[in-house]
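J.: fold the stuff below for me.
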Amino acid sequence: MSIGWNDNAPIYRQLKDRVIGMMLDGALKAGDALPSVRQIAAEYQLNPITVSKAYQELVDEQLVEKRRGIGMYVTEGASEKLLASERERFLREEWPAMLERIRLLGLNVDRLLASEHGGQA
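T.: Now for the predicted structure:
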């Protein structure tokens, strides 16, 4: 997990988003252990409380589970749940803005789809 932090969002949220990204792309699968809070804090020079907050949000969203004394693990169905929520968020937040941009630029669907296959929009 290579991480470059930015000032646009709290670090715990950026860390949480990175873990979610790893789940979505299959780098972390159901049953996989997350690196320990101490390990992440040391490796990325973060306060352990920051790492714990990111992990706790993942627990609250039932994407990971705490196993007392042994660590945090990706829950069964976490990637499917994430994919469904990311699709919903995309359709609700990003797609309307994209449609508006497409309209403003005077593009049409046929040209956009053609550009996906090597043509030009």
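J.: going forward, measure contacts and count neighbours with C-alpha atoms only.
T.: OK.
J.: what's the burial count for residue 91?
T.: 13 (other CA atoms under 10 Å).
J.: pull up the gap between it and residue 85, please.
T.: Distance of residue 91 to residue 85, given as CA to CA, to the nearest Å: 10 Å.
J.: before we move on, what about residue 41?
T.: Taking CA to CA as the criterion, residue 41 is separated from residue 85 by 28 Å.
J.: between these two, point out the one with more neighbours.
T.: Using other CA under 10 Å, the more surrounded residue of residue 41 and residue 85 is residue 41, with 17 against 12.
J.: how about the contacts made by the more buried one?
T.: With contacts taken as CA atoms under 8 Å, 6 or more residues apart in numbering, residue 41 has the following neighbours: 47-48, 51.
J.: just checking, which of these belong to helices?
T.: When those are checked against helices using DSSP state H, the ones located there are 48, 51.
J.: nearest to residue 62, out of the contacts of residue 41: which one, please.
T.: Of all the contacts of residue 41, residue 51 has the smallest distance to residue 62: 16.8 Å, by CA to CA.
J.: quick check: the closest one touching residue 10?
T.: No: Residue 51 lies out of contact with residue 10 (CA atoms under 8 Å); the separation is 11.3 Å.
J.: show me which of these two is the more surrounded one.
T.: Between residue 51 and residue 10, counting by other CA under 10 Å, residue 51 is the more crowded of the two (22 against 12).
J.: how about the more buried one, what does it touch?
T.: 12, 15, 37, 40-41.
J.: apply 6 Å and report the result again.
T.: When contacts are counted by CA atoms under 6 Å, 6 or more residues apart in numbering, residue 51 is found next to residue 37.
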